[in-house]
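In: Below: sequence and its predicted model.
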Amino acid sequence: MWALVLLFGFLVGIATAPTMVVFGVMDAVRYGRRSTAELVKACGLVAFGVAVGMYTWGVLHAGSAVLTAEDGGTDSSPLIPCRGEADPATVAKVVDYGISLVPLGFECHLSDGGSYATSAVPGYVNPVAGL
């Protein structure tokens, strides 16, 4: 389920981000000399495109972690994206994973009810995306 949601988000983001940046630059070139308000709108459009692009980059990383976690096989327990993020005793308790969409992140759920975030989504994604 999460893989499909993240795939759809990635496809929307990969189409939206460059479009917003291109339209913002075109508006800045076309209307920026005439009006300061139009220049500010164009800069906002570019900033929105950059934020969507960065969030899309994070969705790509989260989707990769989901596909790796769902892979299965002989080397699938504990979940591969959860290894190396905590001490071995904690990693041995991993039973499931979860995705946080805002802020974007990949979490490993433990058998005792706790969870911890992994570094599957780079740390710079959420601050740049403005989440």
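Out: Structure's in. What do you need?

In: okay, and the helix or strand of this structure with the least pLDDT?
Out: Across the helices and strands of the chain, the lowest-confidence element by mean pLDDT, DSSP states H and E is helix 88-91, at a mean of 90.

In: Can you name the next helix or strand after that one?
Out: Once the chain leaves helix 88-91, the next helix or strand it forms, by DSSP states H and E, is strand 94-101.

In: Which strands and helices lie in contact with that next one?
Out: Strand 94-101 sits against helix 2-31, helix 36-69, strand 104-110, with contacts defined as 3 or more CB pairs under 8 Å, 6 or more residues apart in numbering; DSSP states H and E. C-beta here means a position set from N, CA and C on the backbone, and glycine is covered the same way.

In: Switch the ones you listed over to CSV; also include distance to V95.
Out: Formatted as CSV, the helices and strands packed on strand 94-101 follow (distance: least, CB to CB, whole Å):
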stretch, distance to V95
helix 2-31, 16
helix 36-69, 12
strand 104-110, 6
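
In: Same list (the ones you listed) but as TSV, adding mean neighbour count and distance to V125.
Out: Below are those laid out as TSV (neighbours: other CB atoms under 10 Å; distance: least, CB to CB, whole Å):
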stretch	mean neighbour count	distance to V125
helix 2-31	15	12
helix 36-69	18	4
strand 104-110	22	6
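
In: so which of those comes closest to A129?
Out: A129 lies closest to helix 36-69 among these, at 4.3 Å (CB to CB).

In: one step back: in the least confident helix or strand of the chain, what's buried?
Out: T90, V91 (16 or more other CB atoms under 10 Å).

In: now it: how far from the chain's centre is it?
Out: Relative to the chain's own centre, helix 88-91 is displaced by 26 Å; criterion: CA atoms, centre = their mean, to the nearest Å.

In: which residues touch it?
Out: With contact meaning CB atoms under 8 Å, 6 or more residues apart in numbering, helix 88-91 is reached by P78, C82, R83, G84, E85, C108, L110, Y116.

In: let's see 10 Å
Out: The contact list for helix 88-91 (CB atoms under 10 Å, 6 or more residues apart in numbering) reads P78, L79, C82, R83, G84, E85, C108, L110, D112, G114, Y116.

In: Just flag the most distant two among these.
Out: Put simply, by CB to CB the two of the contacts of helix 88-91 set farthest apart are G84 and D112, 20.0 Å from each other.
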